[in-house]
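> Take a look and give me a structure for this.
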Amino acid sequence: MNMLTNKMPNINGENQTNLGSKAINPWLLENLVYEEFHLRSMIVFFENKIHHVPTTYLLIFNTFKKIIRLVKKWTNKGVAKITEQDLINQSVIDMISRELTNESEELYFNQYLKMIAPFLDIKVIYVEPTKEEFNHPLVQFCVKELRLKGTKQESIYANLIQQARGLFRWLTQNVEKFKHRNINNIIVNEIESEHVNDYRSFLLRQVTEGEISEHSAKKWIESIRTFFSILYQKKRISNDIANDITKITVEDYKYRTIPKDSEIKVLLDVIYIYSDEPEKEILAFSLMLYMGFRGIEVAKLKWDDINLGTKTVIINESKRNSSILPIPNLIYNQLLKIKDVESGYVFSENPANFKRKLYRNYKIYALIAGWDYEGGLHLLRHTFITNVTKYSSLPLIKDLARHKSGHMPSRYIHLERQYVKDELAKLDLIEGDLK
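Residues are numbered from 1 along each chain as shown. This next block holds a predicted model:
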């Protein structure tokens, strides 16, 4: 791990000036707002909102960016051609209302409408989706069966209940015999493999449109197959349609681009410049980048878990499982800089809030650093495991990554093709020498 961290320049602030979070909004205004929007009234609106906290300011920006995209599609105009009249058109207002996803979007766009049309009684309205209770008896039966096998409730919800509800809701909206029925009253024996395969096609269209990933679509179909399989085995339905439902084939491994060392240096520089607690936040992100910590593990880290004498740290993954990892010198030096108490949490007495803060701040720091990578904080763990692969054997990688199964690290390793070519070339040279 020291080999991994030694090649990275230490972030000590010698060549940087810490401006703090107060400098983030001016950066967003200069580099995003002025570039994205052309209406003078919209620019003025953002200039007036610059006092908001950065996460809120970015939320407002993303809201208006989405709205402009919707209006562009609705009016068939280029962005530069959209006018205030387009934005206050009642048909456009109704369309935007249907696309709002939370009350904050409603609030800030209505403030803008009030600014550009103060004498018009016009506003967008966010309608919160009704939460339909889902307690279908056969779904509940499957839940009990899985619980008897020891499956955790959260896993049952994520891998059965959500998928069954999605299928049933789709049936009531798209298949004539199920239309206008309550999802809790669906007669499962009336569902045919043809219906589920049509739903499968719907999921694949969602993948094409970028609404869900291929892996999500595959997971949903597998969960639905499991649902019907359990019911048939337990003689709750008369036909085993699970075998007739076509699977979605997707490779478990998904290659993703990870940041280069130079880009990681830029991100850490950005954190030093714009963080209100640069040393603490650099340590938090370094734990993920150079030791493979998960976000929640960073948030829950306590001083009692750290032994500075032996340069080791204990990571408590559950009540029964814990791991001891060596602390590389870079992390050790960062810990010494911030250690001012003997016990308690390293970062915050409220770990859940600190994790949310880390995620929100990461989005802003990555944006300023020019990162364009998929994923949130977990990308940093992917980066660690990929980089440590260059220096370690697979069993050691498994231990450092704290994976229970040997094949799990392979899902996290995203080596660049050029690196693989270089390593293969080395093997060819060695083989030639042996001959």
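> burial measure for Glu263, as a count.
Residues lying near Glu263 (other Cβ atoms under 10 Å) number 16. (Each C-beta comes from the backbone N, C-alpha and C, glycine too.)
> check contacts around it.
For Glu263, the contacting residues are 369-371, by Cβ atoms under 8 Å, 6 or more residues apart in numbering.
> Can you tell me how far it is from Arg69?
As judged by Cβ to Cβ, to the nearest Å, Glu263 and Arg69 stand 28 Å apart.
> cool, and Val346?
Val346 is 41 Å from Arg69, by Cβ to Cβ.
> So which of those two has more stuff around it?
For Val346 versus Arg69, the count of surrounding residues by other Cβ under 10 Å is larger for Val346: 24 against 12.
> For that one, which non-adjacent residue is spatially closest?
Using Cβ to Cβ, 6 or more residues apart in numbering and skipping the chain neighbours, the partner closest in space to Val346 is Leu301 (4.7 Å).
> Can you show me the strands along this structure?
For the chain, applying DSSP state E gives strands covering 306-307, 312-316, 322-326.
> got the contact list for the residue nearest to Val346?
Leu301 sits next to 287, 293, 313, 345-347 when contact means Cβ under 8 Å, 6+ apart.
> Equivalent analysis for Thr75, please.
Thr75 makes contact with 82, 86, 92 under the criterion Cβ under 8 Å, 6+ apart.
> picking up where we left off before, going by neighbour count, which of the contacts of Glu263 comes out on top?
Most neighbours among those, by other Cβ under 10 Å: Ala369, with 19 neighbours.
> Verify the stated contact: it with Val266.
Yes: counting by Cβ atoms under 8 Å, Ala369 sits close enough to Val266 to count as a contact (4.8 Å).
> Helices along the stretch 251-400 of the chain, start to end?
For the stretch 251-400 of the chain, applying DSSP state H, counting those that start in this stretch gives helices covering 261-274, 278-291, 295-299, 329-338, 351-369, 378-389, 394-401.
> How about the stretch 101-250 of the chain?
103-116, 137-148, 153-156, 162-174, 193-208, 214-233.
> Comparing those helices, which yields the minimum mean pLDDT?
Here those differ in mean pLDDT, and the lowest is helix 153-156 at a mean of 88.
> Send me it as PDB with only the CA atoms.
Taking C-alpha atoms only, helix 153-156 is exported to PDB below (Å, rounded to 0.1, in the frame of the first residue of the first chain):
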ATOM      1  CA  GLN A 153     -35.600  -8.500   5.000                       C
ATOM      2  CA  GLU A 154     -33.700  -5.700   3.200                       C
ATOM      3  CA  SER A 155     -32.500  -8.300   0.600                       C
ATOM      4  CA  ILE A 156     -36.000  -9.600   0.100                       C
END
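> Contacts made by it with the rest, please.
Applying Cβ under 8 Å, 6+ apart, the contact partners of helix 153-156 are 143, 146-147.
> what's the domain layout of the protein?
37-116, 137-244, 261-420 (automatic domain parsing).
> you'd agree Glu103 is up against Tyr126?
Yes: counting by Cβ under 8 Å, Tyr126 is a contact partner of Glu103 at 5.6 Å.
> who's more crowded, those two?
Taking neighbours as other Cβ under 10 Å, Glu103 and Tyr126 compare with Tyr126 leading, 18 against 10.
> Can you give me the distance of Asp282 to Tyr359?
Wrong residue type there; residue 282 is Ile, not Asp. Between Ile282 and Tyr359 the computed distance is 16 Å (Cβ to Cβ).
> my bad, should have said Ile116
According to Cβ to Cβ, Ile116 stands 34 Å off from Tyr359.
> Same question for Leu380.
11 Å.
> Mind checking which of those two has more residues around it?
Comparing Leu380 with Tyr359 by neighbour count (other Cβ under 10 Å), the higher total belongs to Leu380, at 26 against 14.
> need the contact list for the more buried one.
Taking Cβ under 8 Å, 6+ apart, we find Leu380 in contact with 285, 288-289.
> quick one: pLDDT of it?
pLDDT at Leu380 comes out at 88.
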